[in-house]
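Compute the structure for the input listed below.
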Amino acid sequence: MPRLEPTGVRVARAGRREAHALHRGLCAVLGALVCQGALGLEGTAPPGAAPPTPAAAAAATSTPTSAARDGSGCRVVRLSDIGWTDVTATTALFGVLLRHLGYRPGITVLSLPVTYTSMKNRDIDVFLGNWMPTQETDRKSYVAEGSVEVIRANLTGAKYTLAVPAYAYEGGLRGFADIERFAAELGHSIYGIEPGNDGNRLVLGMLRNNLFGLGGFKLIESSEQGMLAEVERAVRTHRPIVFLAWDPHPMNMRFDLRYLAGGDTVFGPNYGEARVDTNTRAGYSAECPNVGRLLRNLSFTTQQESRLMADILDRHLSPDVAAEAWLKANPSVVAGWLQGVTTFGGRPGFSAMQTTGKLADRLSLERWLEGHKIPVGDSIAVMIEYVKGHGRVLFDGLSAVIRDSVDGLTRLLRAIPSPLLILGTGALTFGLRRSVPLAVFVVAALLFIMNQGYWEATLETLSLVIVAALVSTAIGVPAGIAAAHRPRLYAALRPVLDLMQTLPTFVYLIPTLVLFGLGVVPGLISTVIFALPAPIRLTQLGISSVPTALLEAGRAFGATPMQLLWKVELPSAAPTILAGITQCIMLSLSMVVIAALVGAGGLGVPVVRALNTVQVGMGFEAGFVIVLLAIVLDRISRPADKAAAP
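Numbers count the residues shown, from 1 in each chain. Next comes the predicted model:
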């Protein structure tokens with residue numbers, strides 16, 4: 001019995017036959033050029049396929065008869081960006097594409113584990129950066145329980161493993177098994193990206209299990225750009241360095257690098273060969289079929305992503321501006337993505353996007369201003385590059401002094417037996433405050449920190465805080481005295497101090513990271529900049545508040561200005577100055593988490609790692625340890641008249 005088909009199906013089938021016939025006729029008349037790389041009438045281009053031809057563009061501009069329109073709840077599309085430049089680039093590209101189609105994309109920067117938790121809670125709709133197989137552990141349980149769906153691979157042919165500069169490779173560092181032989185030259189260090197990242201976890205597991213004899217190595221965690229800044233410094237001095245690397249990324253064009261062989265048991269075969277999957281929360285494609293169709297069409301090549309990332313990293317374009325320019329320069333690729341896709345209002349997607357793009361170019365004040373941007377950021381970047389290029393000897397020398405100071409103090413604290421250090425701290429507390437309960441509390445707090453397994457991290461943090469407080473005090477107290485004696489100087493300093501206290505603290509990390517590289521140096525300098533206003537302001541206040549009668553009495557007895565300072569002003573202002581130093585210590589401690597982002601180590605690392613991996617227990621442990629350390633330092637350093645037992 002012949003199978004009966006609905007009328008709509010027969011019409012569609014006939015239409016496809018006519019379209020195929022027309023396509024064959026065009027091929028016969030115009031030759032193979034028209035047909036080369038043309039998309040099928042029902043398919044989409046696979047990753048790496050040739051761009052669609054004008055025939056595909058025409059198909060994209062025709063009204064899809066079977067496309068389902070999305071409901072009002074689909075207009076806002078919530079996207080996650082985990083902060084990697086490739087994910088930032090593709091997410092921005094997808095967001096701009098959605099905006100042209102009449103949707104309202106919202107991009108939130110989240111860590112990978114938070115992304116999956118948010119998709120499970122239906123707070124995030126789409127994630128375009130699921131690197132596999134390295135993120136298999138992160139997504140496995142969510143896919144198994146059905147709260148996250150895998151739509152397709154939007155990128156293939158990627159890789160993700162450890163790499164070295166070409167000169168180190170030629171010098172014999174060619175595989176994972178060779179790293180241990182170069183331990184001294186490498187400083188027993190491997191450079192990773194943000195704490196909690198899946199690649200970092202693989203490296204930490206390798207070190208913890210002493211694979212390839214690397215148990216004595218440490219992983220320096222910071223960020224993608226922090227790691228690359230350190231690679232640049234190493235390349236400039238021809239120093240060996242081992243770091244996480246991946247393709248696509250402009251680092252493959254910026255540096256002459258080589259991927260290390262032999263890491264199959266850690267990162268997988270073929271240099272950590274990877275693909276990138278598109279994920280959505282459960283049921284999203286069914287609820288929003290038009291966006292779902294776009295997600296099924298969306299694919300990239302490594303070359304496309306590398307070019308887009310180069311615009312962001314090398315040309316310093318914002319992700320949205322770079323994505324807009326890329327879409328305009330690649331209309332044939334966009335036509336393939338928009339096959340069968342409509343705007344939110346139901347119009348053919350490709351033609352509507354061309355129209356909105358022209359209107360935006362002609363009418364948008366925002367885009368006109370962006371196109372005539374005042375080069376504030378570029379000017380600062382040029383200045384920093386100039387300073388970096390001409391002051392390398394100075395910065396290297398300063399780095400050596402600061403690094404040796406902090407590392408030396410850390411080694412000294414570690415050399416003291418921990419029971420003796422704890423008892424000595426308790427005795428110091430009793431000697432300064434004459435309070436048995438306070439001394440007992442300090443000893444108990446330090447024992448609790450040791451019990452929780454954060455003793456080594458606490459010593460690293462304590463070293464950073466002590467050195468930062470000493471430097472801030474050495475600069476701040478004299479500056480405050482000079483400002484108190486010269487009102488015009490203080491008037492000039494006040495806006496600078498206001499800027500230092502109100503500027504987001506992350507901003508301090510950028511120039512210091514570029515100039516000094518990863519480690520304690522940028523962390524300490526940023527901490528000093530942030531904490532310095534407190535001793536300057538309170539010293540100025542204390543000296544300015546010395547009673548006039550005391551000053552006149554000192555002058556009447558023939559005191560010189562220096563004698564007046566040491567015998568009258570400083571003793572009178574001492575409580576206020578000590579309060580400024582105490583504030584300086586507390587502000588320095590508050591920077592510990594931020595300093596961890598540039599590889600400073602200490603208690604900030606477990607906090608950031610817990611945040612990025614949604615480990616509530618670790619976060620509370622590390623946070624509570626920081627609070628206890630802050631209380632101990634505050635009780636020891638605050639002025640005597642304010643001292644009290646906890």
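
what's the pLDDT at residue 235?
You'll see residue 235 listed with a pLDDT of 92.

What lies in contact with the helix or strand containing residue 629?
Taking DSSP states H and E as the criterion, residue 629 maps to helix 616-637. The contact list for helix 616-637, computed with Cβ atoms under 8 Å, 6 or more residues apart in numbering, reads 425, 428-429, 432-433, 438, 441-442, 445-446, 448-449, 452, 454, 457-458, 461-462, 465, 578, 581-582, 585-586, 589, 592-593, 603, 606-607, 609-611, 643-646. From N, CA and C alone the C-beta is placed, and that goes for glycine too.

Rank the helices and strands of this protein by mean pLDDT and give me the bottom one.
Taking mean pLDDT, DSSP states H and E as the measure, the helix or strand of the chain with the lowest value is helix 32-35, at a mean of 36.

that older thread, so of the contacts of helix 616-637, which ones are in helices?
425, 428-429, 432-433, 438, 441-442, 445-446, 448-449, 457-458, 461-462, 465, 578, 581-582, 585-586, 589, 592-593, 606-607, 609-611 (DSSP state H).

Narrow those to those that are buried.
Buried subset of those (neighbour count, 16 or more other Cβ atoms under 10 Å): 425, 429, 432-433, 438, 441-442, 445-446, 449, 457-458, 461-462, 465, 578, 581-582, 585-586, 589, 592-593, 606-607, 609-611.

thought residue 515 was touching residue 384?
Yes - contact criterion Cβ atoms under 8 Å: residue 515 and residue 384 qualify, at 7.1 Å.

More neighbours: the two, which one.
Shown here are residue 515 and residue 384; by other Cβ atoms under 10 Å, residue 515 has more neighbours (22 against 14).

Skipping its backbone neighbours, what lies nearest residue 454 in space?
Spatially, and ignoring its direct neighbours in sequence, residue 454 is nearest to residue 625 (4.8 Å; Cβ to Cβ, 6 or more residues apart in numbering).

Mind jotting down where the helices sit in the stretch 251-400 of the chain?
Along the stretch 251-400 of the chain, counting by DSSP state H, counting those that start in this stretch, helices occupy 251-254, 264-267, 269-272, 284-287, 289-297, 302-313, 319-329, 331-337, 349-363, 365-371, 376-390, 392-415.

Low-confidence regions, the stretch 201-350 of the chain specifically.
Nowhere does the stretch 201-350 of the chain drop to pLDDT under 70.

go again using 80 as the cut-off
314-316, 349-350 (pLDDT under 80).

Chain neighbours aside, what residue packs nearest to residue 407?
Residue 407's closest residue in space is residue 520 (Cβ to Cβ, 6+ apart), at 7.2 Å.

Return the distance of the one you found relative to residue 149.
44 Å (Cβ to Cβ, to the nearest Å).

Those two: which is more packed in?
The neighbour count for residue 520 versus residue 149, taken as other Cβ under 10 Å, is higher for residue 520 (27 against 18).

Who are the contact partners of the more buried one?
Residue 520 is in contact with 402, 403, 406, 407, 464, 595, 599, 600, 601, counting by Cβ under 8 Å, 6+ apart.

Run a quick neighbour tally on the third one.
With neighbours defined by other Cβ under 10 Å, the count for residue 406 comes to 23.

Point to the residue nearest the middle of the chain.
residue 223 (4.9 Å; Cα atoms, centre = their mean).

ok, that residue touching residue 192?
No - at 9.5 Å, residue 223 does not count as touching residue 192 under the criterion of Cβ under 8 Å.

thinking again about what came up before, okay, the residue nearest to residue 454: pLDDT?
So, for residue 625, pLDDT stands at 90.

And for residue 597?
Residue 597 is assigned 76 on the pLDDT scale.

quick check, it in a helix?
Yes - counting by DSSP: H, G, I helix; E, B strand; the rest coil, residue 597 is part of a helix.

correct me, but it touches residue 611?
No - taking Cβ under 8 Å as the definition, residue 597 is not a contact partner of residue 611, at 11.0 Å.

Is residue 128 part of a helix or strand, or is it coil?
Going by three-state DSSP: residue 128 is strand.

Nothing else from me, thank you.
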